[in-house]
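Everything below, folded, please.
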Amino acid sequence: MSVKNILAVRNDRFGEFLLNIPSFRALKNSFCGSRLTLMVHPNVKELAGCIEEADEIITWENRKHGFFSIFKFAGELKKKDFDLVVIFNPSKEMNIISFLAAIPSRVGYDRKWSFLLTHKMEDKKHLGQLHEIEYNLQLASLAGAETEDKTLSLKIDDGIIDALLDEFSLRDNRDLVAVHPWTSDPFKQWPAENFARLVKRLEKELNQTVLIIGGLLKRCRLLISCDSGPVHLASCVDTPSLVLFRTDVPGKSSLRWGPVSRGSAVIEKTSLFDITAEEVFDKARRMLER
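Okay, here's the model as predicted:
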């Protein structure tokens, strides 16, 4: 079957979404002349527009919808005449929608009403044996899509970044370190008081200007963070990250979610409370001295 019109679904958080970029590349480049539409969460729409391979962005919230909304949305998709859909985050609703939209090839994981799919594979992500990028590429390969380029990249408007730097009088400051002290998952949260001690030492002892982010990652020398979306955004602009992980749950380890930008590093222990501000500072200092 000729594949000319592809729908790729990843409509959860932006960090997880970004780790699908190599899979989007595989889908776009493996089917010559194809058109690639990305279905994303509304909050990710603007970011998705920065992906080189995307021809169109549509939105669908990853939440429970009524039958009328599901049926109407499936009808809208059917009009677009997709040949292939790859559902990267398992969802009963998306399996139903892709079936009702009469998309001939429906690829996803063997869960959540997977009998509606035409091609499916076992979901082993919770085992944490591979990086999330590799898991996503495995699913893309089930659709017949492959790539050797596993890098993360985005189209970046440098003018916007320059304007932000000017606004905060940071244009000429080359000693910028970004710190992201939050995470959407409390399981991954390093204590706030440790971040505070770390920031004070970075500013006082290493003379670094610390940005609590956010944004501006392309111009920073280093990002320090727990496992969170900005880590993967930093990878898209090749900014090194120092990321803190816990090891007691395989599916949340650095093996699956670690940073992929050059020069990055992780510190991981059974409990995040066992990681001290002193050892994070020492590791950050060594990274900044390189």
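
wait, Ile267 sits on Ile275?
Yes: here Ile267 lies in contact with Ile275, judged by Cβ atoms under 8 Å, at a distance of 5.6 Å. Yep, even glycine has a C-beta here, placed from its N, CA and C like the rest.

Common neighbours of those two, please.
In terms of Cβ atoms under 8 Å, 6 or more residues apart in numbering, Ile267 and Ile275 are both contacted by the residues Leu244.

lowest average confidence, helix or strand, in the protein?
Here the helix or strand of the chain ranked lowest by mean pLDDT, DSSP states H and E is helix 158-167, holding a mean of 74.

Quickly run through the sheet partners of the helix or strand just after that one, with directions.
Using DSSP states H and E, the helix or strand that follows helix 158-167 towards the C-terminus is strand 176-180. Taking DSSP bridges as the criterion, strand 176-180 pairs within the sheet with strand 209-212 (parallel), strand 222-226 (parallel).

So which bits of strand 176-180 are buried?
The neighbour-count criterion (16 or more other Cβ atoms under 10 Å) identifies 176-180 as the buried residues of strand 176-180.

What of stretch 127-145?
Counting neighbours by 16+ other Cβ under 10 Å, the buried set in stretch 127-145 is 128, 131-133, 135-137, 139-145.

What of stretch 69-86?
Buried positions in stretch 69-86, judged by neighbour count with 16+ other Cβ under 10 Å: 70, 73-74, 77, 82-86.

in the protein, which ranges drop under the pLDDT threshold?
Along the chain, the model assigns pLDDT under 70 to residues 1, 160, 164, 168, 171-173, 214-215.

Would you state the helices of it in chain order?
Secondary structure of the chain, counting by DSSP state H: helices at 14-18, 21-30, 45-48, 67-80, 92-100, 132-142, 158-167, 192-205, 229-236, 254-257, 277-289.

Just name the most buried of those.
For those, the largest average neighbour count (mean count of other Cβ atoms under 10 Å) is found in helix 229-236, namely a mean of 26.

give me the beta-bridge partners of the residue lying closest to Gln138 once chain neighbours are set aside?
Of all residues not flanking Gln138 in the chain, Met121 sits nearest, at 6.9 Å (Cβ to Cβ, 6 or more residues apart in numbering). Here Met121 sits in beta bridges with Tyr109, going by DSSP bridges.

Please report the number of neighbouring residues for Met121.
When neighbours are defined as other Cβ atoms under 10 Å, Met121 has 16 of them.

repeat for the one 4 residues further on
Per other Cβ under 10 Å, the neighbour tally for Lys125 reads 17.

what do you get for Asp157?
Residues within reach of Asp157, counting by other Cβ under 10 Å, total 10.

mind listing what Trp190 touches?
181, 226, 244, 272, 275.

ugh, typo on my part, it should be Thr247
Thr247 is in contact with 253, 268-270, counting by Cβ under 8 Å, 6+ apart.

Just the buried residues of those residues.
Neighbour-count burial within the contacts of Thr247 applies to 253, 268; the criterion is 16+ other Cβ under 10 Å.

Narrow the contacts of Thr247 to those in strands?
Among these, the members falling in strands are 268-269 (criterion: DSSP state E).

could the contacts of Thr247 be laid out in TSV, adding distance to Asp149?
Below are these laid out as TSV (distance: Cβ to Cβ, whole Å):
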residue	distance to Asp149
Ser253	25
Glu268	28
Lys269	33
Thr270	35
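
For the nearest residue to Ile212 once chain neighbours are set aside, give me its contacts.
The shortest distance from Ile212 to any non-neighbouring residue, by Cβ to Cβ, 6+ apart, is to Val179 (5.7 Å). Applying Cβ under 8 Å, 6+ apart to Val179 gives the contacts 195, 198-199, 202, 210-213, 223-225.

what about Val179, distance to Asp274?
For Val179, the distance to Asp274 equals 20 Å [Cβ to Cβ, to the nearest Å].

Likewise for Pro90?
Per Cβ to Cβ, Pro90 is found 33 Å from Asp274.

and the closest residue to Leu211 other than its chain neighbours, what does it touch?
Counting by Cβ to Cβ, 6+ apart, Ala178 is the residue found nearest to Leu211 once chain neighbours are left out, at 5.0 Å. Residues counted as contacts of Ala178 (Cβ under 8 Å, 6+ apart) are 210-214, 216-217, 220, 222-225, 230, 234, 239.
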